[in-house]
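[1] Sequence and predicted model, in that order:
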Amino acid sequence: MAAPDAPAAARPHVPPPGPKVRAPRRKGSSAALLLIAPSIVFMTLLFGWPMVSGVLQAFGGPEGLTTANFTRMSQDPYFWSSVGNTLLLIVVMIPIQFVLALAMALLIRAKPRGASAYFYIWAIPLAVSDLAAGLVWLTVFTDRGYLNSLLASLGMQPVSWLAYDNYPSMFGAVLIAEVWRATSLVFVIVVAGLQSIPKDYEEAAGVFGASFWNRLWHVTLPLLRPSLQTALILRTILAFQTFAVALALTGQNFPLVVGETYRWYTGLQDPNVASALALVVMAVSMVTAVGYLKLLRDQTEAAR
Amino acid sequence: MSHATTSRTDAGTTRPEPGVDRRPLARRRRNRVLLQVACILITLFMALPIYLIALAAMSSRQSLQKFPLSFIPDNFSTETMQTFLQSTGILGGLINSVQVGVFTLVLSLLIGVPAGYAVARFAFRGREPYQLFLLFTRALPIVVLSVPLAQLFLQTGLYDSVLAVVLLHSALALPTTILITASVFLGVPRDVEEAARIFGCSPVQAFLKVVLPMAIPGIAAASIFTFVMSWNEVLGASILTLNQRTLPAQVLSSLAESPLAYRFAGGFLLVVPALVFIFFMRRYLTNMWGSTIR
Amino acid sequence: MADISIKGLHKTYPGSTELATNNVSLEVAEGEFMVLLGPSGCGKTTLLRMVAGLDFPDKGSISIGGRDVTYLPPQDRNLSMVFQSYAVFPHRNVRTNIAFGLMMKKVSREELERKVKWAADLLQLSPYLDRYPANLSGGQRQRVAVARAIVMDADVLLMDEPLSNLDALLRLDFRAELKKIVQQLGSTTLYVTHDQVEAMSLSDRVAVMKKGQIAQLGHPITVYEEPADRFVGGFIGSPPMNFLDGRITQQGALEVGGQSIAAPEFLARAAARTGGTPVMVGIRAENISLEQRGSEGSLDAAVEVVEPLGHATLLTVDLGGQTVKVQVPATAKVSAGETVGLRFEQSALRFFDTETQLGLTA
């Protein structure tokens, strides 16, 4: 079921057909190595090399190895607020996205009239970047934008949603934009997961007396677990990389960690501190990724 | 009504015919209405912002100054879009974006399709670690690669070129391309390939004449996916370029100094391809995410 | 336990113009084992799903134990069911699979455990209670599905082709076991299958379905021996009943394949009045025997294929241009190309109208 296992399930029980006559396994193996070699070389050059030099950069200074870059990074007034903002955003956003995506997927599965049109519209944000999402919602939340236009036409006072001294509404705007943009990914994964569950299970549960909520809780959600886990980890990793949406909506008023890297590199022209920040993001992502792989492993074991 | 005793009381005796109870039917009909209402509400949330940015981008600069803004397109004008397209770096950024996207797509397919085929068809030693390696690289944040790559490219003279961004984007897209194409090839029955071999094809011929044609739709979907990723990627492109900006990098770098109209137009131009991509990909979306991520 | 009363059910699936069930009415008595038998697409599964509440009819009514359930969702019907795919929950072990329905009913802990133990013992699942379905064989999963269904004390037990996914040998074993269990329980059972042997061996009554309608309803032996129409005769039995074009002459003889034998009284009388009528003759392979050629009442036929089956030998013969299957004892010495004499057992001859294909009886 898990990605490392999916192809394994179809692993040939016999050696590949062609080279069967002469030295069966080795030839298949070397053909395979020939086919994957370019990708390994390419990835080593573009992942391995920069990673090493990135670490050196982060600890590099005029007089050899140093932790000064990390000190500068953590002493920057924006750093801790960007860490706080990033974590807060993730903690609040992910549960909202999952509940919403699950609801959307269940709605689609109930086959409403026009389901395919709904699916299309709900999946559009999947291909929208976080910069574009920020700009899209800027039309809504900016001072003379559509939300305030609506309030004004209803006779209410406009609100400065994105003002730096109005943290809750600023956070809310970024949150809504990100929920809008990134729920689609979870939605599509959950729809795919639901499609892979035979409807017999839910029908059986119904026949044996389970109500809608019981079916959801005792049958659908447990069977969806692999999809939900995948989506959860993927979304968490991607959420750490969010930055342009906040930049587009609030400028520097709502700093996020990756946005800080961008600022250190392009604005403050200090690649060493930028690298240090990048390392922090990587460490957090790695922890999540390891959790990702470990969970995949556990699933594979459980399935056997 | 989960016990049988109610019906047992009068079992055996002649019973009055029960009428058909239509209340559950009414309940179901009500639920269908609620279902539609929920779908429409979510659709509003998803589509309204896109409508609004289209509206803003298609309004004249003057009508964008008005307050409150009009919610209906009564002042259609291409002025905002035109001004935006004529701004410095936008047209060049657009061309760069398309170039980067296309080259990324080609490069990642050239490297990724053979690897995907190998993963799908051969049981070579080291296949599991290789797949774990791919999954791991997918989890690496772009920012981790971009900053050191910028330094390396500066040293090698690649900095600020389309190729620099293409290399970065290909590296980012490659794991996904390999995993998607692997699942596409898994979907092509081995029998078909074996039949081709029996009837006289060499392994390469069998691949080109039988397997590849069957895999084309899935690979096409993977390509669109790669292009979308490249089109949307902004951080790496901003860090690796100065003058050869892609469109999103150009918009991002001029964000702070630009007027609202410029930002709306830029946002709209960035969103339009999403509408098209998802339209063509909608049938493949669940397949791709269902089979590759897990 | 309760009876099932189905009245005038119409059902068309969305996107289809054909009626999945067309005005079906059926009464299943309390404690009766009713089999719905028919080829795929005949509407038997649709009918079962409507009884289960998984589909809803366009018209008509269903009541269980005198309570109208036509449009009730399945969870409010007090049913239990064995699915064709078993639908054993992969994320629950055998114990919690069997207990699922009881948990939904909020049965007390002790009773739940007692019932699970009872069902597990009955179906020889006790050693596997803590296993997950992934670690069970197909036959064991099937047993879990049945155990889960029988602990329910439901009004009605529904089974949708429960044996079709088992291999031939297991199917034979489990069929007998299933019959024993259901007899013990005495529950009202509605059982869907396309396998006529299953239908014959399990049912109290069988409803043979065709194109959304019940073609014949009756005791399995009656249905076997006296098919109501050509379809039923052709569907039940292996090999299926032979159908031959024949003619009743005015003189009261039955002409088949250019030869003639005596016709039964009631047809002869009718034919005498009308001056001879065409008729379709049905006869099962086991009711035809080999006979000395030329003897009284025998028909000549050329043997085309000889298939020894072990317990008997199946012949395919040509009778005046019509193909007939004949079952003869394994000891019979016949070879292809030979011409043999056939004797049709008079009492086993069935007659059908050539137009309506309905059975003709006195």
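    Received it, and whenever you're ready, just let me know what you need. Just so it is clear, the model here is predicted, and its values are computed rather than measured.
[2] near chain B at all, stretch A:256-269?
    Yes: using C-beta under 8 Å from any C-beta of the partner chain, we find that stretch A:256-269 touches chain B at A:258, A:261, A:262, A:265, A:266. C-betas here are computed from N, CA, C, even on glycine.
[3] Whichever of these count as buried, I'd like them selected in ChimeraX; how would that read?
    A single ChimeraX command selects the buried members of these (16 or more other C-beta atoms under 10 Å in any protein chain shown):
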select /A:258,261,262,265
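[4] tell me which of the residues of stretch A:256-269 next to chain B is nearest to residue C:67?
    residue A:258 (62.5 Å; C-beta to C-beta).
[5] For the stretch 101-250 of chain A, what lies in contact range of chain C?
    Counting by C-beta under 8 Å from any C-beta, the stretch 101-250 of chain A sits next to chain C at A:198, A:200-201, A:203-211, A:214, A:218-219, A:222-223, A:225.
[6] Just the buried residues from these, in PyMOL please.
    With 16+ other C-beta under 10 Å as the criterion, this PyMOL line picks the buried residues out of these:
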select buried, chain A and resi 200+201+203+204+205+206+207+208+209+210+214+218+219+223
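[7] Restricted to helices, list the residues of the stretch 101-250 of chain A next to chain C.
    Of the positions in these, A:200, A:201, A:203, A:204, A:205, A:206, A:207, A:214, A:222, A:223, A:225 sit in helices, assigned by DSSP state H.
[8] Quick one: residues contacting residue 96.
    No chain specified, so I'll use chain A. Going by C-beta atoms under 8 Å, 6 or more residues apart in numbering or on different chains, residue A:96 touches A:175, A:179.
[9] hmm, I had chain C in mind actually
    If you count contacts by C-beta under 8 Å, 6+ apart, then residue C:96 has C:89, C:103 around it.
[10] Model confidence at it, what's the number?
    Residue C:96 carries a pLDDT value of 94.
[11] on that earlier part again, quick check: which of the residues of stretch A:256-269 next to chain B has the minimum pLDDT.
    For the residues of stretch A:256-269 next to chain B, the pLDDT minimum is residue A:266, 82.
[12] pretty sure it is touching residue B:253, no?
    Yes: the criterion here is C-beta atoms under 8 Å, and residue A:266 meets it with residue B:253 at 7.4 Å.
[13] Run a quick neighbour tally on residue A:147.
    19 (other C-beta atoms under 10 Å in any protein chain shown).
[14] Next to chain B, which bits of chain C? Give me the list.
    Going by C-beta under 8 Å from any C-beta, the residues of chain C near chain B are C:1-3, C:30, C:56, C:61, C:63-73, C:76-78, C:105, C:153-155.
[15] Of the residues you listed, which belong to strands?
    Judged by DSSP state E, strands contain the following of the residues of chain C next to chain B: C:61, C:63, C:64, C:67, C:68.
[16] beta partners for residue C:9?
    residue C:24 (DSSP bridges).
[17] How about the contacts made by it?
    C:21, C:23, C:24, C:25, C:47, C:50, C:57, C:59, C:60, C:61, C:62.
[18] could you dump the ones in helices among the residues of the stretch 101-250 of chain A next to chain C to JSON lines with distance to chain B and pLDDT?
    Converted to JSON lines, those look like this (distance: C-beta to the nearest C-beta, whole Å; pLDDT from 0 to 100):
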{"residue": "A:200", "distance to chain B": "19", "pLDDT": "92"}
{"residue": "A:201", "distance to chain B": "17", "pLDDT": "95"}
{"residue": "A:203", "distance to chain B": "16", "pLDDT": "94"}
{"residue": "A:204", "distance to chain B": "16", "pLDDT": "95"}
{"residue": "A:205", "distance to chain B": "14", "pLDDT": "95"}
{"residue": "A:206", "distance to chain B": "13", "pLDDT": "94"}
{"residue": "A:207", "distance to chain B": "12", "pLDDT": "94"}
{"residue": "A:214", "distance to chain B": "12", "pLDDT": "94"}
{"residue": "A:222", "distance to chain B": "16", "pLDDT": "92"}
{"residue": "A:223", "distance to chain B": "13", "pLDDT": "92"}
{"residue": "A:225", "distance to chain B": "11", "pLDDT": "86"}
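[19] Look up how far residue C:232 lies from residue C:216.
    According to C-beta to C-beta, to the nearest Å, residue C:216 and residue C:232 sit 5 Å apart.
[20] For the residue nearest to the spatial centre of chain B, pull up the helix or strand it's in.
    By C-alpha atoms, centre = their mean, chain B has its centre lying nearest to residue B:225, at 5.0 Å. In the assignment (DSSP states H and E), residue B:225 maps to helix B:212-232.
[21] again with residue C:82
    Short version, using DSSP H and E: residue C:82 is in strand C:79-82.
[22] Now do the buried residues in that strand.
    Those would be C:79, C:80, C:81, C:82, for strand C:79-82 by 16+ other C-beta under 10 Å.
[23] got it, and stretch B:80-94?
    Result for stretch B:80-94 [16+ other C-beta under 10 Å]: buried residues B:80, B:81, B:83, B:84, B:87, B:89, B:90, B:93.
[24] do the same with stretch C:264-274
    So, applying 16+ other C-beta under 10 Å, buried residues of stretch C:264-274: C:264, C:267, C:268, C:270, C:271.
[25] Please save the CA atoms from that stretch in PDB.
    Extracted as PDB, the C-alpha positions of stretch C:264-274 are listed here (Å, rounded to 0.1, in the frame of the first residue of the first chain):
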ATOM      1  CA  PRO C 264     -49.700 -37.400 -24.300                       C
ATOM      2  CA  GLU C 265     -53.400 -37.500 -24.100                       C
ATOM      3  CA  PHE C 266     -54.200 -33.800 -23.500                       C
ATOM      4  CA  LEU C 267     -52.100 -32.600 -26.400                       C
ATOM      5  CA  ALA C 268     -53.400 -35.300 -28.700                       C
ATOM      6  CA  ARG C 269     -57.000 -34.300 -27.900                       C
ATOM      7  CA  ALA C 270     -56.300 -30.600 -28.600                       C
ATOM      8  CA  ALA C 271     -54.400 -31.400 -31.800                       C
ATOM      9  CA  ALA C 272     -57.300 -33.600 -33.000                       C
ATOM     10  CA  ARG C 273     -59.500 -30.500 -32.800                       C
ATOM     11  CA  THR C 274     -57.100 -28.000 -34.400                       C
END
